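**Q** Sequence below, structure please.
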Amino acid sequence: MTKKETANNDRPEKSDGLSRGPQKIPPIINAHSHVFTARHVPPLLAKRFVPFPFYYLVHLDVVIGFYKFLKEFKGLAYSNWHRAVKRFLYFVSVTIRRNFLLALISWILGAWLSILTFYYIYDFLIELTNTSGGSSWLGQGIEWLRELMSSNGIFPKKPPILLKIAIALFVFVFVKSGRNLIIFLFKKMFTFFKVLPGKETKKLIERYMLIAKFAVYKKQTTIFSKMKEQYPRGSGFVLLPMDMKYMGAGRVKDSYLSQLKELQKIKISSTYKKQGVGVYPFVFVDPRRIRDDKKPKSVRISKGHQLFNFSTKGHKVILEECIIKTYMEDHGFNGFKIYPAIGYYPFEKELLPLWKYAVDNEIPIMSHCIKGTIFYRGRKKREWDEHWVFKDEETKNQLLLPEVKNIDFQRNFTHPMNFLCLLEEPLLRVLIGHYDDQQLKDLFGYKGPDSPMDKNLNGLKICLAHYGGEDQWKRYLEKDSYGYIQQIIKAPGTGIKFIKTQDDTDKIDYDRLAQLWKYVDWYSIISSMMMQYPNVYADISYILHDPSIFPLLKETLKPKYGKLRERVLYGTDFYVVRNHNSEKELFVSSDFLLEEQEFNRIARLNPKHYLS
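**A** Sure thing, here's the model as predicted:
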């Protein structure tokens, strides 16, 4: 029995509108949320951000331990002795502020200690980095001030190291103006401070602290309960697991299968059913796990513990005993989740039979589509130097993918145009021909490079999560002269035309595809795909925290863009986005900033159609 036959009862029924008449209004559905625990996350997320071996110093267990210590320390604020100390310090502070002489003495003392702290840290960094600390005139000025203070007896000579540390701690804790000035000066003087922490490093730190915050919860059920309580009764949630075993950041503590088992408990919970909570868990798929299961060393793995095992009958995929069969067909899970940024393409050979199964059974897929902090931490492989399908401009060479750093070459995996290789039969045909797999060729009816295949994946139901990222939305708004970007405005309802043939031939214009890949923002690409293909969606998870996206979001939801407004899904990326806003704040602000009809469409009707 197929997934379509066994699990339709777990899917929302289709609806054609949002009428408040006799027809019941659909519930709110958060189409993108996470409840995995810290035990499902590899410990070395700082790898590729921090050089070897120092990323071991920010091992996830260390961060979690430090966070727990801070939390316990913060708990002291509720003790009686802390209240007494706080009261005493308040009256000391306010007494000083109300007395001119005391305030002047306090200011002079704070300034003096701040200057001493600056010099102590300055000397340490000069010795550590073996640099001058800035331009010659600045260095000379710093030394001139030191000599001036020393000659007047206000700069201690060779104080004990513990005294230096004590003074620096005092300034950084109690002298806010001095602390801020010191940080500002060092950022101007030292390259080291200019790059640490940078934008991406700050995001990594935020991700670490989020994981640490939720590490106190040992079960996914507890995290799920924290989320659902912030929504109206009867709301639904798409729960997206993560399999991070292969991202090259160390070993996870709990198995991926254990994660699925706990999601199953949430799905069948009688408590949640009584509350009317909709639970829509997906199955995470990594082609490297599928490959591992097929290796000779894996023969000891029972078929039921293999991720994906199948046979074919004509052009149909039949699931055999495996994890995907168990959770999709037996337990009624609702879709597939992929995260290409951790080191694979969405069109890998092992995934194509699964996507054929998904098309035949109308199963939705959720794919990460943003540049983020969770990405592959290993070395770039040789086969990733060029794109497997697209060709470079005005050459016969494959499209060069020149990015070297991990944080940069993740875009080659997450690029939305990779899905054209699945949705467009001519590009899919190139892939099928590239893979030396007769079973795969028979499944799609491959006859050769110049003949259309019998079957394709044009109807693939895919959601490009995060809609490309808020940076791509801003890029779309900032660029106003590039021709392809203008197609969203010039051709509302269709947008950019991706596939064109060369003059008087049926050969694909690869120059056009290369230009789109290199120069066009992802908002334009994703929006065009949503308008042109029958089942392409995008959710606004994570980017929802940025209020600046709402004007463009409201424009996106206008009727003039055809089916575009029918393909936008509400999602928050809980608990990943928790460092920006609470779940409740995201929900309330979205409801406030959008018209009721707009919010109902993306949060009620569209997710219902995506899941049905």
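**Q** contacting residues for the residue lying closest to residue 458 once chain neighbours are set aside?
**A** Excluding its sequence neighbours, the residue lying closest to residue 458 (C-beta to C-beta, 6 or more residues apart in numbering) is residue 423, at 5.7 Å. Any C-beta I mention is one placed from the backbone N, CA and C, and that applies to glycine too. For residue 423, the contacting residues are 457-458, 460, 529, 533, 536, by C-beta atoms under 8 Å, 6 or more residues apart in numbering.
**Q** Widest-spaced pair of the residues you listed?
**A** The most widely separated members of the contacts of residue 423, counting by C-beta to C-beta, are 457 and 529 (13.3 Å).
**Q** Can you give me the neighbour number for residue 428?
**A** Using other C-beta atoms under 10 Å, residue 428 has 24 other residues around it.
**Q** same deal with residue 276?
**A** 12.
**Q** On the pLDDT front, check the residue nearest to it when sequence neighbours are not counted for me.
**A** Nearest residue to residue 276, sequence neighbours excluded (C-beta to C-beta, 6+ apart): residue 234, at 3.9 Å. We have a pLDDT of 94 for residue 234.
**Q** What of residue 23?
**A** Looking at residue 23, the pLDDT reads 58.
**Q** repeat for residue 213
**A** Reported pLDDT for residue 213: 71.
**Q** I'd like to know how far it sits from residue 575.
**A** 8 Å (C-beta to C-beta, to the nearest Å).
**Q** Counting neighbours, what do you get for the nearest residue to residue 38 once chain neighbours are set aside?
**A** In this structure, residue 38 finds its nearest non-sequential neighbour in residue 215, 3.9 Å apart by C-beta to C-beta, 6+ apart. Residue 215: 19 surrounding residues under other C-beta under 10 Å.
**Q** give me every residue that touches residue 215.
**A** Counted by C-beta under 8 Å, 6+ apart, residue 215 has contacts 37-38, 64, 67-68.
**Q** Could you do residue 375 as well?
**A** The contact partners of residue 375, taken as C-beta under 8 Å, 6+ apart, are 247, 341-343, 406-407, 410.
**Q** With residue 422 instead?
**A** With C-beta under 8 Å, 6+ apart, residue 422 has these contacts: 346-347, 355, 428, 457, 460, 462.
**Q** wait, which of the residues you listed is closest to residue 560?
**A** residue 462 (24.2 Å).
**Q** give me the beta-bridge partners of the closest residue to the closest one other than its chain neighbours?
**A** The shortest distance from residue 462 to any non-neighbouring residue, by C-beta to C-beta, 6+ apart, is to residue 365 (4.7 Å). Taking DSSP bridges, one obtains residue 336, residue 462 as the residues bridged to residue 365.
**Q** so residue 365 touches residue 465, yeah?
**A** No: using C-beta atoms under 8 Å, residue 365 is not in contact with residue 465; the gap is 10.2 Å.
**Q** quick one, which of these two is more surrounded?
**A** Shown here are residue 365 and residue 465; by other C-beta under 10 Å, residue 465 has more neighbours (29 against 25).
**Q** before we move on, the earlier item: could I get the contacts of residue 375 as JSON lines with distance to residue 521 and secondary structure?
**A** Formatted as JSON lines, those follow (distance: C-beta to C-beta, whole Å; DSSP: H, G, I helix; E, B strand; the rest coil):
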{"residue": "247", "distance to residue 521": "27", "secondary structure": "coil"}
{"residue": "341", "distance to residue 521": "18", "secondary structure": "helix"}
{"residue": "342", "distance to residue 521": "23", "secondary structure": "helix"}
{"residue": "343", "distance to residue 521": "24", "secondary structure": "coil"}
{"residue": "406", "distance to residue 521": "22", "secondary structure": "helix"}
{"residue": "407", "distance to residue 521": "19", "secondary structure": "helix"}
{"residue": "410", "distance to residue 521": "17", "secondary structure": "helix"}
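**Q** out of these, which are buried?
**A** Buried subset of the contacts of residue 375 (neighbour count, 16 or more other C-beta atoms under 10 Å): 247, 341-343, 406-407, 410.
**Q** of all those residues, which comes closest to residue 331?
**A** residue 342 (24.9 Å).
**Q** Residue 469 versus the nearest residue to that closest one once chain neighbours are set aside, what's the distance?
**A** Excluding its sequence neighbours, the residue lying closest to residue 342 (C-beta to C-beta, 6+ apart) is residue 247, at 3.9 Å. Distance of residue 247 to residue 469, computed by C-beta to C-beta: 19 Å.
**Q** How about residue 205?
**A** Distance from residue 205 to residue 469, by C-beta to C-beta: 19 Å.
**Q** more crowded one of those two?
**A** Legend: neighbour count by other C-beta under 10 Å for residue 205 and residue 469, higher for residue 469 (22 against 17).
**Q** Tell me where this protein is predicted with low confidence.
**A** Low-confidence segments of the chain, defined by pLDDT under 70: 1-23, 128-136, 189-204, 207-208, 210, 214, 297-303, 481-482, 504, 577-581.
**Q** Show me what the lengthiest helix in it is packed against.
**A** Looking across the chain with DSSP state H, the single longest helix is helix 100-129. Helix 100-129 sits against helix 80-98, helix 136-151, helix 161-174, helix 176-189, with contacts defined as 3 or more C-beta pairs under 8 Å, 6 or more residues apart in numbering; DSSP states H and E.
**Q** what about 7 Å?
**A** helix 80-98, helix 161-174, helix 176-189 (3 or more C-beta pairs under 7 Å, 6 or more residues apart in numbering; DSSP states H and E).
**Q** What are the buried residues along that helix?
**A** In helix 100-129, counting by 16+ other C-beta under 10 Å, buried: 106, 110, 113-122, 125.
**Q** quick one: it to helix 80-98, angle?
**A** Inter-element angle recorded for helix 100-129 and helix 80-98: 110 degrees (by axes from the mean of the first three to the mean of the last three C-alpha atoms, to 10 degrees).
**Q** starting at the chain centroid, how far to helix 100-129?
**A** 41 Å (C-alpha atoms, centre = their mean, to the nearest Å).
**Q** same question, stretch 493-510
**A** That offset, for stretch 493-510, works out to 32 Å (C-alpha atoms, centre = their mean).
**Q** got a list of contacts for it?
**A** 390-391, 420, 424, 426, 484, 487-488, 512-513, 516, 524-525, 527-528, 531-532, 561-562 (C-beta atoms under 7 Å, 6 or more residues apart in numbering).
**Q** Show me these that map onto helices.
**A** 420, 426, 487-488, 512-513, 516, 524-525, 527-528, 531-532.
**Q** Now render those residues as a markdown table, adding neighbour count and distance to residue 438.
**A** Formatted as a markdown table, the ones in helices among the contacts of stretch 493-510 follow (neighbours: other C-beta atoms under 10 Å; distance: C-beta to C-beta, whole Å):
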| residue | neighbour count | distance to residue 438 |
| --- | --- | --- |
| 420 | 23 | 25 |
| 426 | 19 | 21 |
| 487 | 18 | 40 |
| 488 | 24 | 42 |
| 512 | 18 | 32 |
| 513 | 24 | 28 |
| 516 | 20 | 33 |
| 524 | 26 | 39 |
| 525 | 28 | 34 |
| 527 | 27 | 38 |
| 528 | 24 | 35 |
| 531 | 22 | 37 |
| 532 | 18 | 32 |
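**Q** Tell me which two of those sit farthest apart.
**A** Longest span within the ones in helices among the contacts of stretch 493-510, C-beta to C-beta: 426 and 488, 24.0 Å.
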